[in-house]
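> Structure for this input, please:
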Amino acid sequence: MTMSKLKVNMVSSWGIKCGIADTTQLLVENLNKYDDISVEVCPITEPDSRNPLYFLKLLDKIGKNEITHIQYQPGLFGYFPVPHLNYNYIALLLVKLKLQKKNKIVTTLHEFGTTTLIDGLILKILNSSDRIIVHDVSLIKTLEERGFDREKITKIPLGVHASHILDQAECKKDLGLPDKRIITIFGFLGENKGHDLVVDVIPRLDDDIILLVAGGARNQEQQEYYNFLKDMVKSMELEGRVIFLDFVKDEDISLVASATDLFIYPYTWIAASAALNQALTYRKPTLTSDLDYFKGIKDEFDCIELFKNRDKEDLFNKITEIMNNPDKQAYLTKQCGIYYEKSNWGAVAKQTKDLYYAMLD
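Next up, the predicted model:
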């Protein structure tokens, strides 16, 4: 007797350079390891499209299955062709799915706005989902304040995969930095990422401490910030202490991460960070700003240290404290191992599968 499989449609960016596409691929791969579940991807390959028909046609590929799972980030669902109107086509997808009454709808909220009337309207529309997944416990309160039913909100970690950890001394030699202590910021650049805060404190740190900026720009706004940082480094005469690696090839990520002594995520705003989550799998001391998402990770796992958001003096003090405290470094390394056990993609897929079945029950 052949066991029927639970069918899931995954609506997500796909096949493009995008953090959501990368994480969704890992989720799908791990869900499909189960014999009783089958996940098919409904791919968004043109997230910047201004044509509503493009997004409506995505649904033509969706049959009458049990679950439709939408990976939502504002920039993935197009833009109305109206200047300064920050509105996307997620409403079309959700309304059509509801009218067709085909599937139960799960929406993972990676990022969402809460400040404008348009943001409020989009959140009302997203609230029509049968279940909502968030990665940060602090967002649950925000959604409740916006009228979401607490019973349909589930926190599931943003998953991580096992990292290939190499010998640190050898990696530093390969990078031409054998005698340096290395601070690294991984991920796409952007004004909200706070790289300039770290650049500002570099002259006050010990001479053997350097900063690696391991990431590039993917749009015009980010390119402008990248240019600003380059000019800043030049004007401060820090070319030898701040090194721009731009995009790091996949095969070189382990090299850079393993050479690192301290990861820093000085973000001034973020809803979730796949870059941070993956960095923790390298078992390195990590310092972040005290945003709610990072606070949630510290409260649950105590695997990171926090500094006051935008506070350069506190940033300097925390860097100095961690870099000169081997006991603190060892403790953070141990806690990162616990974080991985609970947040790896296998564990995340299991939690997601359990949510699917709970919906059907």
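
> And the longest helix anywhere in the chain, what's buried?
Counting residues, the longest helix found in the chain (DSSP state H) is helix 326-343. Buried positions in helix 326-343, judged by neighbour count with 16 or more other Cβ atoms under 10 Å: 329, 332, 335-336, 339-340, 343. All C-beta atoms are positioned from the backbone trio N, CA, C, and that covers glycine.

> So which bits of the following helix or strand past it are buried?
Per DSSP states H and E, the first helix or strand lying C-terminal to helix 326-343 is helix 345-360. Across helix 345-360, burial judged by 16+ other Cβ under 10 Å covers 345, 347-349, 352-353, 355-356.

> Looking at those, which is nearest S273?
V348 (15.3 Å; Cβ to Cβ).

> my guess is the closest one meets P157, correct?
Yes - contact status for V348 versus P157: in contact at 5.8 Å, counting by Cβ atoms under 8 Å.

> ok, now how distant is L189 from L26?
23 Å (Cβ to Cβ, to the nearest Å).

> For this structure, which segments count as helices?
19-31, 52-58, 90-100, 117-126, 137-145, 168-174, 195-201, 220-235, 253-259, 274-279, 292-301, 312-323, 326-343, 345-360.

> just those: most buried one?
helix 274-279 (a mean of 22; mean count of other Cβ atoms under 10 Å).

> Please parse the chain into its domains.
Domain assignment of the chain by automatic domain parsing yields the ranges 6-159+344-360, 168-343.

> Could you report the neighbour count for the nearest residue to A169 once chain neighbours are set aside?
Spatial nearest neighbour of A169, chain neighbours left out: P178 (7.4 Å); criterion: Cβ to Cβ, 6 or more residues apart in numbering. Here the number of neighbours of P178 (other Cβ atoms under 10 Å) works out to 12.

> start at 30 instead
Sure, I'll start counting at 30 from here, so that last one is P207.

> D279: neighbour count?
Quick note: D279 (other Cβ under 10 Å) scores 7 neighbours.

> circling back: worst average pLDDT in the domains of the chain?
The weakest mean pLDDT among these belongs to domain 35-188+373-389, with a mean of 89.

> ok, N132 - contacts?
38, 91, 93-97, 126 (Cβ atoms under 8 Å, 6 or more residues apart in numbering).

> can you redo these as CSV with distance to L82?
Output for these, formatted as CSV (distance: Cβ to Cβ, whole Å):
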residue, distance to L82
N38, 19
I91, 16
K93, 22
N94, 23
E95, 27
I96, 25
T97, 19
L126, 16
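
> Pick out whichever of the residues you listed sits closest to E280.
Looking across the contacts of N132 and measuring by Cβ to Cβ, the closest to E280 is N38, at 32.5 Å.

> where's that closest one relative to I134, distance?
For N38, the distance to I134 - Cβ to Cβ - is 10 Å.

> Which neighbours do the two have in common?
96-98.

> My read is that Y108 contacts R79, right?
Yes - counting by Cβ under 8 Å, Y108 sits close enough to R79 to count as a contact (5.5 Å).

> between those two, who's got more neighbours?
Taking neighbours as other Cβ under 10 Å, Y108 and R79 compare with Y108 leading, 16 against 13.

> one step back: Q197 is in contact with the residue nearest to A198, correct?
No - look at P207 against Q197 with Cβ under 8 Å: they stay out of range, at 10.6 Å.

> hey, what's in contact with both of the two?
By Cβ under 8 Å, 6+ apart, no residue touches both P207 and Q197.
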